[in-house]
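>>> for reference, the sequence and a predicted model appear below.
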Amino acid sequence: MSHQPISPEITYVPEHGGTKRIWKTFWLLTVVTIIELGLGLAIYNIHEGPEPNANLVLFFKGLMCILTLAKAWYIVAVFMHLGDELRSFVLSVVVPLLLLVWFIIAFLWDGDSWRDMKNTNGGSIKTEVVAPAAIEKGAKD
């Protein structure tokens, strides 16, 4: 008597490239890391220069963030095998992560806004305080 599962299991067996895939990953991550180090040194030298260009520094920092996120995604895709999974599983991992990042940004933004309003009396309209002597003087006239 053979035991059959109630529903068939969906499996995906990726094709492994052996050591070729490992070396490709190694060289790609090495090149991206060297580029990031070069950008970091460029940012440092721009800051230390006589006239730092704020727009150029901001551009390099943005490029550094993009490269870092791309490298993190590649590491997750290759070493954690998320790149070999079904699209629905990848989305079930990535979408909650993006929501978490969005929540953190929203809470920091709201906290900063609350701090600014707290420092300006809650954002209320400022009213003039009339001295009691001025009120009495106005009543006597």
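Noted; the coordinates are in hand. Numbering: from 1, shown residues only.

>>> where does the prediction get shaky in the protein?
Where the chain drops to pLDDT under 70, the residues are 1-17, 118-141.

>>> got phi/psi on Glu85?
phi -90, psi 170 (degrees, to the nearest 10).

>>> for it, grab the count of nearby residues.
16 (other C-beta atoms under 10 Å). Any C-beta I mention is one placed from the backbone N, CA and C, and that applies to glycine too.

>>> quick one: it from Phe79, how far?
Relative to Phe79, Glu85 is positioned 13 Å away (C-beta to C-beta, to the nearest Å).

>>> now the spatially most central residue of the chain: which helix or strand?
Residue closest to the average C-alpha location in the chain (C-alpha atoms, centre = their mean): Val101, at 6.4 Å. Applying DSSP states H and E as the criterion places Val101 in helix 87-119.

>>> give me the distance from that helix to the chain's centre.
Mean C-alpha position of helix 87-119 versus that of the full chain (C-alpha atoms, centre = their mean, to the nearest Å) differs by 9 Å.

>>> kindly report the same for stretch 53-60.
How far stretch 53-60 lies from its chain's middle: 19 Å, per C-alpha atoms, centre = their mean.

>>> how about stretch 25-33?
The answer for stretch 25-33 is 22 Å, by C-alpha atoms, centre = their mean.

>>> next: stretch 71-85.
Between the centre of stretch 71-85 and the centre of its chain there are 18 Å (C-alpha atoms, centre = their mean).

>>> so what touches it?
For stretch 71-85, the surrounding residues in contact (C-beta atoms under 8 Å, 6 or more residues apart in numbering) are Tyr12, Pro14, Arg21, Thr25, Leu28, Leu29, Val32, Thr33, Glu36, Val90, Val93.

>>> run through who's touching stretch 39-58.
With C-beta under 8 Å, 6+ apart, stretch 39-58 has contacts from Phe60, Lys61, Leu63, Met64, Leu67.

>>> start and end of that stretch, how far apart?
Separation of the first and last residues of stretch 39-58 by C-alpha to C-alpha, to the nearest Å is 11 Å.

>>> give me the element Asn45 is part of.
Here Asn45 is assigned to helix 19-48, by DSSP H and E.

>>> hang on, the earlier thing: the residue nearest to the centre of the chain and Val76, how far apart?
Val101 is 14 Å from Val76, by C-beta to C-beta.
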